[in-house]
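**Student:** can't give you the sequence, but here's the structure:
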C-alpha cells in the first residue's frame, strides 16, 4: 500500500518529525480501507512567521538553559508546531505553520524549568510543555493574545531513570523520557510499567501524566493516573512535590490536581510510577460475539465480577469487518464482533484468569477464535497512527474521538455518537465509515473509541469541525465524558466546562491563578 | 469487665450519645489489658456556654429548615460537641463542653444545605457538617475567632437511598445515611458496598467521603475514595455535581478535590458509590508469622503479585500477644505475629485466591491457624472503640494513630513511631504498651495503625499531646503521610501543611477562597 502514497505529501507531513516515534514502523493498509483512498492532497511548503523572541528574552533564556539549550531555527520551530490531530496535520499539509513557537528550549533539570518559567513570565512569553507532541486535542496550540511570543519547553534532555525502589515497586523518571525508553530501561531490570498507549513510541511520561493517558493494557496495569504514586510540578514559584504514601487521608489528593492539568498549572518534571515484574506468561486470544451488546455485557461481567484480563477490547461490527475481515482470523462464518483478551502474569494466575474468562465468554454465546486474532492485534497494535498519516496524504480523512460513560448508558452513547458523525458527514458529502471499540473497562463503565474514515473532500477542516461538534453534542447530551484519555486541550475546552459546570471551572481557575499568576502556562488549554 | 467500669463516669461519657452507633455492642476487655486499669476518672457535669445565636439568625435558619429542623437546647448541642478522640472524651469527662455549637440544624435536602450556608454567611456563623461525629482528629472543632457562633449541620434527615443502577453497579445515597443503614438497604437488593471502617455503625457516607475513610475490607473493595464515582457538594454558590464516567481525561479529577475536603469547601450532600453483589462465599483464616517483618513481606508479595484477599491484616508481636493471646487461637506455641486473611466472592474465585495466598504464606514460613482466629477477628472487629470508652472511664488511656508509607520505609516508620511514643510516655510517667498492625495494603506501600494503652495519669491531655507530637515528628521525619484514613482535622493541620508544602497549601487556600469566600466552612479544619 505504501507505493500508492503521494511521497511528496508524506514528506511534507514528515517535515513534522514523525511523532509516533518509529519512522520505520511498517504500514499496511487493509484492503477494506483502500476504497476510501482518493486523490492525494496537494502539499505546499510550510509557512511560519518570523520568531518574535526579543534579544533580551533570548539572552535571558540562554542564561537558564545554555546556548545549546535553545533553538530559534525554522526546522526546530516547525517540529514543535501544534499536535498530531488530523486537523493539525491537514494544516501542515496545506503549508500552514502559523502556530509555530518562537523558540524551543531544552532545559536540563527541574530547576532550569523553574528558571524558564520565571524568565518567560518576565518577558511575557507563553509556555508550552513538550514531551512528544502527540496531542490530538490542540494541547500544543496556546492562545497568543497578550503575549510577545510562545516558547516550547521540550523536556527531551530530562530523560533519566532516577531510581528504582524494588521493595516498593516504584520507579522515578524524569518527565521527558519516552514510553519506549522507560520500558526498555525497566525491562533490563526485570520490570515493566505496563503503559502502552498508541502514542507509546513518541510520547513522554510527563505528557502521559499531564493528559491522564490510558494504555492498551489498562485492564491489567491501570491507567497512567492510577500508576502515578508521586510527581513534581515546576511552577514559577518553585517545585511542588507530592506523594508520600500510596494512599492518604491527608486532605484532597493533590496528585489528582496535577494529573490532567495539561501544562496549565506548570510543567511536570518528574513522575514516580508503579512498576511490575516482567510477566512470566503472555497469552492473547480472540473471541467472536454475535453482536456488540452481547460482547459489552461480557466485558461488563468481567469488570464487575472478575477476573480481569490484562487487555480487554471489543470491536463493533463495522470495526471487526473493516480492520479484521480476514477469514483466517474470524473463521468461516464472517460477521459479529471481535473481543481480544490478553492475560499477563505468573503462569498459574494467567491459567486461572484465562479459564474463568473463557467460561464467561462461552456462557455469553461467544465463539473462541484461538490465539491468532489476539496475537495479530498485539503485534499490530501501535500501527494505527502510522496508517493514518499516509491515508491522509492520499486523500482519506481518518480521525478518532473517544469518550467514557457508565455501563447503563453505553448503548445509547454509542448510537448517538455514531448517528451524529454519520449524519453530519453524509450531509457534507463525505459519507463515513464509523468504527467503534471498547478498549478500557471499569467496574462501573467503559470507554468508547470511534474511528472515522471518510473521503477528504474539498474542505476537510470545516467538514470535520462540524462532525466533531455534532459528536461532542451527542456525548454531552447522553451524559458521557468529553474525553476518556485524549485530554481537553483547546478542542474540548467548551464541552469540558459544560461537564464540570461553573463551580468546577471556578476551582480550576483559582488553582491556575495561584500557581500561574502571570497566566503564561499553556494559555487557552483547559481554561 | 463491664462491672469494673465506673458507671457514673461512663454515663457522663454517654451524655455524648455513643457515636460508634450501637449502644448494646458487647464489651469484653481482654485480661491482658486490665493491668492498665487504675482508678476511674472523676466525672463532672458538662458546662457549656449560652447559645450565641441571634434571634434574627435563628429566624433565618428556621425559614430554611423549618421549626423542627433546628435545635438550640443543651442536650442537642452537647451531642454535637467535638469529635470522638480520646482527648475529646477526656474533656467531656472533665465537664468541658465549651466547644458546643450554638445550634444544630437538620436540613431535609441539598437545597436546604445551600440555604443554610447562605444564611450562615450572612449572619457570620461558622458551619460544621455532621454525619456521625466520629472524627478522632478534631474535625468538628472549628475556629470560633471572628464568628458570632457555630452551627452544626446534621444531615441525618438526608438518609435516602436515591437510586441503584444495577447495570453500572452504582448506588446513589444522600450523604447523611449511616454506613449500617446503607449496607442494610443494599443487602435487601442483593448488594454490598463493602465499606467497613471501625466507625461503621456511627458514621455517615458524607463523612466517609469528606475524610477519605478506609474500611477493613479495603484490600478487596477499595477505600471509600476509590468507591466514589460521583458526588455533589453544596456551597453558598449552589451545587457542584461531579462524575460523568468512571474515569476521564477531562482535566484534573475534581472528585478527588472534594474527597478529603473535610467540610472546608462546602458540605457533601450526595455520593454515588460502586456496589458489589453480595458474596457467595466468605472465608476468614489466621496465619502465624515468626515476626512482623516476615509477615509484612508476605503481605507485600500479595499486594504486588496477587492474588489479593478481601481483608488482609498483620498484627505485630505486642498486638498479637495483648489482643489475641488465647492458646486456642494461636496454638500451643505462643508468640509471633498474627495475619488475618479474608476472602469474599464467588466460590471458585475464593478457592483460587485462598489457595494461592496460602502458598505465599507457607513459603514465607507462616503456620496456618485455621479459621478460628479469622472468624474471631471478623465477629469482634467493630468492638475496639466500644472497649476504648469504658477503659477511659476506668483510668486507662487508650488512643490510636495511623499513617501509611511506601514499603521500603515501613520498618523504619514503625520503629521510629513506636520509639517516639514509648519514650515520651515513659518519660511522662505513663509507660505504654504500643500495639501496631497493618490493615491496608497497596502495591507500593501499606498503612500502620498504632494503639497506645497507658495509665491515664494526672494530666492525660498534656501527656498525650506530647506523645502525639513526638509520633507526628517521627512520621514526618521518616517520610510517611500524617494520616492514612483518620483525616487532618485541626489536630494534623500543621503536619499536613508540612507534608504538602507551601504550594500545596496555596492550592487548597485558592480552592477554599473560590468555594467558600466568607470562610465559614469548618474554619481551622485543613487550613
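**Tutor:** Now that the structure is in, tell me what you want to look at. Just so you know, these numbers come straight off a predicted model, no measurement behind them.
**Student:** and the stretch 51-200 of chain A, which residues reach chain B?
**Tutor:** Contact residues, the stretch 51-200 of chain A versus chain B (C-beta under 8 Å from any C-beta of the partner chain): A:165, A:167, A:168, A:169, A:170. Backbone N, C-alpha and C define where each C-beta goes, glycine included.
**Student:** Columns neighbour count, pLDDT and secondary structure on top of the residues you listed, output as a markdown table?
**Tutor:** Listed next are these as a markdown table, based on neighbours: other C-beta atoms under 10 Å in any protein chain shown; pLDDT from 0 to 100; DSSP: H, G, I helix; E, B strand; the rest coil:
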| residue | neighbour count | pLDDT | secondary structure |
| --- | --- | --- | --- |
| A:165 | 17 | 98 | strand |
| A:167 | 17 | 98 | coil |
| A:168 | 25 | 98 | coil |
| A:169 | 24 | 98 | coil |
| A:170 | 25 | 98 | strand |
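**Student:** Identify the farthest-apart pair in these.
**Tutor:** Largest separation among these by C-beta to C-beta: A:167 and A:170, giving 8.9 Å.
**Student:** Do you have the strands of the stretch 251-400 of chain A handy? List them.
**Tutor:** A:267-274, A:276-277, A:281-289, A:311-315, A:337-345, A:367-370, A:396-406 (DSSP state E, counting those that start in this stretch).
**Student:** Which one of those strands lies nearest to chain B?
**Tutor:** Distance to chain B, taken as C-beta to the nearest C-beta, is lowest for strand A:396-406 among those, at 4.0 Å.
**Student:** Not counting its neighbours along the chain, what's nearest residue A:354?
**Tutor:** Excluding the flanking residues, the one nearest residue A:354 by C-beta to C-beta, 6 or more residues apart in numbering or on different chains is residue A:343, at 4.9 Å.
**Student:** same thing with residue A:232?
**Tutor:** Nearest to residue A:232 is residue A:270, by C-beta to C-beta, 6+ apart, at 4.1 Å.
**Student:** Beta-bridge partners for the one you found, please?
**Tutor:** Beta-bridge pairing for residue A:270 (DSSP bridges): residue A:174, residue A:232.
**Student:** circling back to that earlier point, find residues that contact each of residue A:167 and residue A:170.
**Tutor:** Listed as contacting both residue A:167 and residue A:170 by C-beta atoms under 8 Å, 6 or more residues apart in numbering or on different chains are residue B:406.
**Student:** Once you drop chain neighbours, what's closest to residue A:429?
**Tutor:** Using C-beta to C-beta, 6+ apart, the closest residue to residue A:429 is residue A:457 (6.1 Å).
**Student:** Need the pLDDT of that neighbour.
**Tutor:** Note on residue A:457: pLDDT of 86.
**Student:** Quick check, it in contact with residue A:428.
**Tutor:** Yes - in this structure, residue A:457 is within contact of residue A:428 by C-beta atoms under 8 Å, at 7.1 Å.
**Student:** who's more crowded, these two?
**Tutor:** Per other C-beta atoms under 10 Å in any protein chain shown, whichever of residue A:457 and residue A:428 has more neighbours is residue A:428, with 20 against 16.
**Student:** And the more buried one, its phi and psi?
**Tutor:** phi -90, psi 10 (degrees, to the nearest 10).
**Student:** Once you drop chain neighbours, what's closest to it?
**Tutor:** Nearest to residue A:428 is residue A:463, by C-beta to C-beta, 6+ apart, at 4.5 Å.
**Student:** Name the residues of the host helix or strand of that neighbour that are buried.
**Tutor:** For residue A:463, the host element (DSSP states H and E) is helix A:460-477. Within helix A:460-477, the residues scored as buried using 16 or more other C-beta atoms under 10 Å in any protein chain shown are A:460, A:463, A:464, A:466, A:467, A:468, A:470, A:471, A:472, A:474, A:475, A:476.
**Student:** Could you report the separation of residue A:264 from residue A:488?
**Tutor:** The gap separating residue A:264 from residue A:488 is 9 Å, by C-beta to C-beta, to the nearest Å.
**Student:** Could you tell me the average pLDDT over stretch A:241-256, please?
**Tutor:** The average pLDDT for stretch A:241-256 rounds to 98.
**Student:** End to end on that stretch, go ahead and measure it.
**Tutor:** 13 Å (C-alpha to C-alpha, to the nearest Å).
**Student:** what does stretch A:230-250 give?
**Tutor:** Start-to-end, stretch A:230-250 (C-alpha to C-alpha) is 14 Å.
**Student:** Stretch A:46-62 too?
**Tutor:** One end of stretch A:46-62 to the other measures 27 Å (C-alpha to C-alpha).
**Student:** Could you list the residues in contact with that stretch?
**Tutor:** Counting by C-beta under 8 Å, 6+ apart, residues outside stretch A:46-62 touching it are A:12, A:15, A:69-70, A:72, A:74, A:77-78, A:81, A:92, A:95-98, A:100, A:102-103, A:105, A:116, A:119-120, A:122-123, A:125, A:148-149, A:151.
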